[in-house]
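Undergrad: Make a model of this:
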Amino acid sequence: MMTLGSNIRTARKKMGLTQEELASQIGVTPQAVSRWESSAGLPDISLIVPLAQILSVSTDTLFGLEETRQDDVMYMEVKYAYEEIAGASSSPAETAKKQCDYLLEKLESDPANYVYNTCLVERTAELSRYANFAGYDEEVWDGYRNKAIQCGTQVIRFCRKKEWVERTHFALAWIYIHEKDFTSAREHIATLPSAASNRLQESILAQVASMESGTKEMKNVLRRNLQNFTRAWNKEVLYATESLSWSDNPKEAVELGEWGIRVMHVISENEELLPYCRGFYRDIYRAMLHADLRMDDLEQAARHFDELKKGMQKHLDCYGKILDSEEEMEKYPKRQIRNMRAYTQEFVSEKQKEILERLREWNGPGKCDRLCEKIK
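TA: All right, here's what the predicted structure looks like:
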């Protein structure tokens, strides 16, 4: 069990302070700080708020209260900010840059916040996709990259939450991939869980729940496991389809993407898994449309765009049913419910428009204009 003393010690180390430095800032002796951290004594109640301020944490965090809930609330605030920035930006590259700038501002006032630090690494990973052709000079990109690596190192060293550490390793791997530093990328990839062991948590958690709490709880755990597996499988297909769409043989991207969509339809026969296909479904079609246009196959591109529209409408209808039922909503985490609420008709239309804009950017206006004529 985490105590006030151990929480003070953890927060102090995150800030890179010695006991002597913290004592000096709070106006006590180093011996007092040592006693607090070893649980041999407690700080005076009047020192709790100043301690929290100096250590850049909330008083609840010092006492070990509701830390996970606070993470979720903070992350949702960041996601809302992302959406506002995206709506006011003219391109994905501009969006990623402005989101990085937003997080850098947040970190100025809260430098030890691992949610903000992790999010900055993730947004910088997104920015790395555009750094070579979005007009950034080397010095500008170096500034973002170096800050992200610094923040990522801090999360990996000091954060106790597995989710944020893994997300940081994952994002840093992408940054190094785009930098062509494959050795560093593999070092971060090696820290992540792998299906190769065939001994994942999910392989046994449902059975523990069955023996401990009965069939009902086993079904709850099984649902969460399948949702996680669905997301991981979809990500693998998406990344490969995107890469193939730029290759010398874009036909392979279409073949893989269509197979992936067929499998996704089978998975989605269980409607509890449909929300975990949402963005992947859209982005796989975007990659296939890019491959279609590279092959000058406008008929196939028009068919794929029509399939995409129908599929997105299916998602919209499904989320409406879920959000109308308290019982159904209980089957999903709060983050997923929030994503469903954001999936409006306006959102669907905007995303389809964005896909056409990206296709125009990648393939030129001529092909995209001819496609738009076919899908009217």
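Undergrad: what's the burial count for residue 247?
TA: 12 (other CB atoms under 10 Å). C-beta coordinates here come from the backbone N, C-alpha and C atoms, glycine included.
Undergrad: So it sits against residue 256, correct?
TA: No: counting by CB atoms under 8 Å, residue 247 stays clear of residue 256, with 10.9 Å between them.
Undergrad: So what touches the helix or strand encompassing residue 119?
TA: With the criterion set as DSSP states H and E, the secondary-structure element containing residue 119 is helix 114-128. In this structure, residues lying in contact with helix 114-128 by CB atoms under 8 Å, 6 or more residues apart in numbering are 14, 71, 74-75, 78, 92-93, 96-97, 99-100, 103-104, 106-107, 110, 141, 144-145, 147-148, 151-152, 154-155, 158-159, 161, 164, 167-168, 171-172, 174-175, 178-179.
Undergrad: I figured residue 29 hits residue 22, correct?
TA: No: between residue 29 and residue 22 no contact is recorded; they are 10.9 Å apart, counting by CB under 8 Å.
Undergrad: Would you mind checking which helix or strand in the protein has the lowest mean pLDDT?
TA: helix 59-62 (a mean of 76; mean pLDDT, DSSP states H and E).
Undergrad: And that one, what's buried?
TA: 61-62 (16 or more other CB atoms under 10 Å).
Undergrad: again with stretch 313-333
TA: Using 16+ other CB under 10 Å as the test for burial, stretch 313-333 gives 315, 318-319, 322, 328, 331-332.
Undergrad: Only C-alpha atoms, please: export it in CSV.
TA: Listed in CSV are the C-alpha atoms of stretch 313-333, where the atom choice follows Å, rounded to 0.1, in the frame of the first residue of the first chain:
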residue,chain,number,x,y,z
GLN,A,313,-23.2,4.7,-41.2
LYS,A,314,-23.3,1.3,-39.7
HIS,A,315,-21.0,2.4,-36.9
LEU,A,316,-23.1,5.6,-36.4
ASP,A,317,-26.3,3.5,-36.1
CYS,A,318,-24.7,1.1,-33.7
TYR,A,319,-23.3,3.8,-31.4
GLY,A,320,-26.7,5.4,-31.3
LYS,A,321,-28.3,2.2,-29.9
ILE,A,322,-25.5,1.7,-27.4
LEU,A,323,-25.8,5.3,-26.1
ASP,A,324,-29.6,4.9,-25.7
SER,A,325,-29.1,2.0,-23.2
GLU,A,326,-27.5,2.3,-19.8
GLU,A,327,-27.0,-1.5,-19.8
GLU,A,328,-25.2,-1.4,-23.1
MET,A,329,-23.0,1.6,-22.1
GLU,A,330,-21.8,-0.3,-19.0
LYS,A,331,-20.0,-2.7,-21.4
TYR,A,332,-17.5,-0.1,-22.5
PRO,A,333,-14.9,2.1,-20.7
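Undergrad: before we move on, the earlier item: and the buried residues of stretch 313-333, which two are the farthest apart?
TA: 315 and 331 (16.0 Å; CB to CB).
Undergrad: Remind me what the host helix or strand of residue 226 packs against, helices and strands.
TA: In the assignment (DSSP H and E), residue 226 maps to helix 215-245. Helices and strands in packing contact with helix 215-245 are listed as helix 202-213, helix 251-267, helix 278-294; criterion 3 or more CB pairs under 8 Å, 6 or more residues apart in numbering; DSSP states H and E.
Undergrad: any idea which of these is most buried?
TA: Using mean count of other CB atoms under 10 Å, the stretch among the helices and strands packed on helix 215-245 with the greatest mean number of neighbours is helix 278-294 (a mean of 24).
Undergrad: Could you figure out how far that one is turned away from helix 251-267?
TA: With axes from the mean of the first three to the mean of the last three CA atoms, to 10 degrees as the basis, helix 278-294 and helix 251-267 are set at 150 degrees to each other.
Undergrad: can you give me how far helix 278-294 is from the chain middle?
TA: The gap between the average C-alpha position of helix 278-294 and the chain average comes to 20 Å, counting by CA atoms, centre = their mean, to the nearest Å.
Undergrad: that older thread, among the buried residues of stretch 313-333, name the ones in helices.
TA: Restricting the buried residues of stretch 313-333 to those inside helices, with DSSP state H as the criterion, leaves 315, 318-319, 322, 328.
Undergrad: Wait, residue 348 touches residue 312, no?
TA: Yes: checked against CB under 8 Å, the pair residue 348 and residue 312 is within contact range at 5.0 Å.
Undergrad: Now residue 305: closest residue in space, sequence neighbours ignored.
TA: Nearest-residue entry for residue 305: residue 375, 5.0 Å, with adjacent residues in sequence omitted and distances by CB to CB, 6 or more residues apart in numbering.
Undergrad: just checking, the one you found touches residue 303?
TA: No: judged on CB under 8 Å, residue 375 makes no contact with residue 303 at a distance of 9.5 Å.
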